[in-house]
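sequence and predicted model, in that order:
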Amino acid sequence: YEYSLHFLLATSQGHNAVIERNMSTVGKPITCKAMVARAAKQPLVCEQITVDPPKEGEVRVKVISNALCHTDIYTLDGYDPEGLFPSILGHEAGCIVESVGPGVTSVKVGDSIIPCYTPQCCEVQCVFCQSPKTNLCPKIRGTQGQGVMPDGTSRFKDSEGKPIYHFMGCSTMSEYTVVAEISCAKINPKAKLDKVCLFGCGVSTGLGAVWNTCKVEVNSTVAVFGLGAVGLAVIQGAKMAGASRIIGVDINPKKFPGAIDMGATECVNSSELGVPVQKHIAGELTDWGVDYSFDCTGNTEVMRSALECAHRGWGTSCIIGVAASGHEISTRPFQLVTGRIWKGTAFGGFKSRRDVPLLVERNLKGELPIDKYITHEFDGVDKTNDAIHALHSGECLRAVVKY
């Protein structure tokens, strides 16, 4: 291990800088900055933390960029039943492998990776990984939900030596983090990590809901509830799938131009209607409803509206947004008896290690542009609270923080 490694890291200016790290850090703790969530509804705290070396089946990575997702805020605001404190949030990032633990074979030092909160163990005995019907590999689900690594311990310590919880198996609001090998999607090193980090969650989820979960066909009609980044990704995916009519629904009309630009054919401000939005769509805008509807809000009342505007006889409604703890969905059973299908999706049904690299390749080829999602950029992990403020403004799709 006593040698130096040179590898390229994508910088915020979009050019490459040669970063030299002495490999004496391999197998040893690293001290770095991280934004620590000490308690719900409190600002993140920039702290010096220690990141322990990876253990068997684990990978330690240098985080190059992290995009802020509403799921991070959902947890920080105390709505996540699995939310633990103190913890290091973040799960939509682009990283470079710094070192690997024993037994790791799929990635090596210097590789570009996107950490994925939905892992893919690929083991023959994993019925989930072997099934084409799902991407929900449960290999590390139990420990991931408990905020620890697969061996039941944390790789993070604060300045007093006290452990800090992991988050969604990623914890990318830190300059360095440790993830399971089965959570690492190895991508093309030519990709700009401050762009393709978006494939770590929101954009992939929206696209996959259309392409994988619902398999929207050419000439389909679609309604999208919630025009944030995930909603726009649904619109983008629907347009690419050949949908003939895409109705965007939101209560913030400032979001409508972006939705139209992404491919929506029309937009509806549901707060200005004299009737429930589902009756407006299924009755006024259409005779019987849309072929596919998508909830991207996490609001259970909106989920019901999305279902009830789906086409009688065959309409499918997909829940993408995550509701607050304890909330339940409801509708009249007759809505399902008359042919509507209600389903949900996690990470858009993409099998992470297999599919994320393919999304990155499509982006590199110009087939899948994502730059429009990035509305705000910040430099330095300590600017993460500024990114949170931007996200709360209602005018931010994705805020990318470059470390």
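Looks like it arrived, so ask away.

identify the residues contacting residue 60.
By CB atoms under 8 Å, 6 or more residues apart in numbering, the residues touching residue 60 are 30, 51, 53-54, 97-101, 155, 176-178. C-beta coordinates here come from the backbone N, C-alpha and C atoms, glycine included.

go again using 7 Å as the cut-off
Residue 60 sits next to 51, 53-54, 98-99, 176, 178 when contact means CB atoms under 7 Å, 6 or more residues apart in numbering.

try residue 364
Applying CB under 7 Å, 6+ apart, the residues near residue 364 are 188, 190-191.

again, only using 10 Å
Listed by CB atoms under 10 Å, 6 or more residues apart in numbering, the contact partners of residue 364 are 187-188, 190-192, 196.

only whichever of the contacts of residue 60 are buried, select them in ChimeraX.
Restricted to buried positions by 16 or more other CB atoms under 10 Å, the ChimeraX selection for those reads:
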select :51,53,54,98,99,176,178
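
between the contacts of residue 60, which is closest to residue 279?
Residue 279 has its nearest neighbour among the contacts of residue 60 in residue 178, at 50.7 Å by CB to CB.

quick check: the closest one is in a strand.
Yes: assessed by DSSP: H, G, I helix; E, B strand; the rest coil, residue 178 belongs to a strand.

mind listing which of the contacts of residue 60 are in strands?
Secondary structure assignment by DSSP state E places 51, 98-99, 176, 178 of the contacts of residue 60 in strands.

let's have those in JSON lines, adding distance to residue 211.
Listed next are the ones in strands among the contacts of residue 60 as JSON lines, based on distance: CB to CB, whole Å:
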{"residue": "51", "distance to residue 211": "36"}
{"residue": "98", "distance to residue 211": "33"}
{"residue": "99", "distance to residue 211": "35"}
{"residue": "176", "distance to residue 211": "34"}
{"residue": "178", "distance to residue 211": "32"}
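
could you dump the residues you listed into TSV and include pLDDT and distance to residue 353?
Rendered in TSV, the data for these read as follows (pLDDT from 0 to 100; distance: CB to CB, whole Å):
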residue	pLDDT	distance to residue 353
51	98	23
98	97	19
99	97	19
176	98	21
178	98	17
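
touching, residue 221 and residue 316? I think so.
No: using CB atoms under 10 Å, residue 221 is not in contact with residue 316; the gap is 11.5 Å.

low-confidence ranges in the protein?
1-23 (pLDDT under 70).

one step back: list the residues that contact both of residue 221 and residue 316?
What both residue 221 and residue 316 touch, as defined by CB under 10 Å, 6+ apart, is the set 290-293.
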